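> Structure here, sequence nowhere to be found:
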């Protein structure tokens, strides 16, 4: 159970954020109540940082006796104005076709909710939609959309577009340039990839230190949150976090280290502890770094 706590706590820190060179890809199903009568549809989108785009297709009822429905197709843009590990809020605007009409435009706000441990999120959008035809002219009405997405986080856009990818140099624990530092004495070392943008005015060592600091902050935040989540099982929880050096390869980086957890099992009053090594993966975010993944490479306890 303590090992599972380690996995959950560190992974929970790796929320979607403002990523440079990496994006979230969303594939989802939705339903929309609006002038277009979109009963059921599918949506595919991509988001980098706070800005995203999507395309969608849906089945629309005709609402006329004896007439079958038809397809509606379109797309839109989103811009996040709030981001957290579990909740995101955004403005949305787009356009879509409407069967037997001249099309429609829509706009509004939305909120998405997901748990970073799982690649699934739900979303709700509300706003207005405007459409027109030769009989009724322009008509404006409320629009409501609900859906669920399967999310692929931290997709390398450079590789996907045929450019040079910057894969992690992890081949297996303790190899490929990554050595776990159990004593926390490792230094932040720069890799041989491309440096931070010139406008950031960062030396390679400062860039590596920033990656190490980002990994440290993400891990500590997650461990504290997990201690609260598991308060019904463990009491007197404490932890030690020991990080080694940061290894940078272009726009990706890795930081290795160990986590030691201690606590008291509420069921029997017995102390429990464990030490686990692992690697945090990061991608460049502007002049800083954003944690995107964690791989546990072993444990003892």
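Perfect, I can see it now. As the structure is a computational prediction, the values presented were derived from the model and not from experiment.

> List the buried residues for the biggest helix by length in the chain?
Longest helix in the chain, counting residues (DSSP state H): helix 204-229. Residues of helix 204-229 classed as buried: 204, 207-216, 218-219, 221-223, 226-227 (neighbour count, 16 or more other C-beta atoms under 10 Å). (Glycine included, C-beta is placed from N, CA and C.)

> Equivalent analysis for stretch 129-144, please.
Result for stretch 129-144 [16+ other C-beta under 10 Å]: buried residues 129, 130, 131, 132, 143.

> and of those, the nearest to residue 233?
residue 143 (44.3 Å; C-beta to C-beta).

> Against residue 84, how distant is that closest one?
Noted for residue 143: a distance of 25 Å to residue 84, by C-beta to C-beta, to the nearest Å.

> ok so, going back, mind checking what helix or strand follows the longest helix of the chain in sequence?
The helix or strand immediately downstream of helix 204-229 is strand 234-249, counting by DSSP states H and E.

> How about that following strand, which residues are buried there?
234, 237, 239, 241, 242, 243, 244, 245, 246, 247, 248, 249.

> Among those residues, which one sits closest to residue 256?
residue 244 (4.5 Å).

> confidence score at that closest one?
On pLDDT, residue 244 comes in at 87.

> For this structure, which segments count as strands?
22-33, 38-48, 51-60, 70-83, 87-96, 104-114, 120-133, 137-156, 234-249, 252-265, 271-285, 288-300 (DSSP state E).

> What's the local residue count around residue 46?
If you count neighbours by other C-beta atoms under 10 Å, residue 46 ends up with 17.

> Show me what it bridges to in the sheet.
residue 25, residue 53 (DSSP bridges).

> quick one: low-confidence ranges for the stretch 201-301 of the chain?
225-226, 228-230, 298-301 (pLDDT under 70).

> still on that earlier bit, can I get the strands of the chain in JSON lines with distance to residue 200?
Shown next, in JSON lines, are the strands of the chain (distance: least, C-beta to C-beta, whole Å):
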{"stretch": "strand 22-33", "distance to residue 200": "18"}
{"stretch": "strand 38-48", "distance to residue 200": "18"}
{"stretch": "strand 51-60", "distance to residue 200": "21"}
{"stretch": "strand 70-83", "distance to residue 200": "21"}
{"stretch": "strand 87-96", "distance to residue 200": "26"}
{"stretch": "strand 104-114", "distance to residue 200": "30"}
{"stretch": "strand 120-133", "distance to residue 200": "31"}
{"stretch": "strand 137-156", "distance to residue 200": "21"}
{"stretch": "strand 234-249", "distance to residue 200": "13"}
{"stretch": "strand 252-265", "distance to residue 200": "14"}
{"stretch": "strand 271-285", "distance to residue 200": "10"}
{"stretch": "strand 288-300", "distance to residue 200": "9"}
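
> so which of these gets nearest residue 196?
Of the strands of the chain, nearest to residue 196 by C-beta to C-beta is strand 271-285, at 7.2 Å.

> in the closest one, what's buried?
272, 274-285.

> how close does residue 288 get to residue 81?
Taken as C-beta to C-beta, the span from residue 288 to residue 81 is 20 Å.

> the more surrounded of these two?
Using other C-beta under 10 Å, the more surrounded residue of residue 288 and residue 81 is residue 288, with 18 against 10.

> Touching, the more buried one and residue 214? I think so.
Yes: here residue 288 reaches residue 214: they are 6.3 Å apart, a contact under C-beta atoms under 8 Å.

> which residues does the closest residue to residue 289 other than its chain neighbours contact?
Distances taken as C-beta to C-beta, 6 or more residues apart in numbering place residue 214 nearest to residue 289, at 4.0 Å, with adjacent residues excluded. Shown in contact with residue 214 (C-beta atoms under 8 Å, 6 or more residues apart in numbering): 282, 288, 289, 290, 291.

> Could you report the neighbour count for the residue lying closest to residue 47 once chain neighbours are set aside?
Using C-beta to C-beta, 6+ apart and skipping residues adjacent in sequence, the residue nearest residue 47 is residue 24, 4.7 Å away. Neighbourhood size, residue 24 [other C-beta under 10 Å]: 22.
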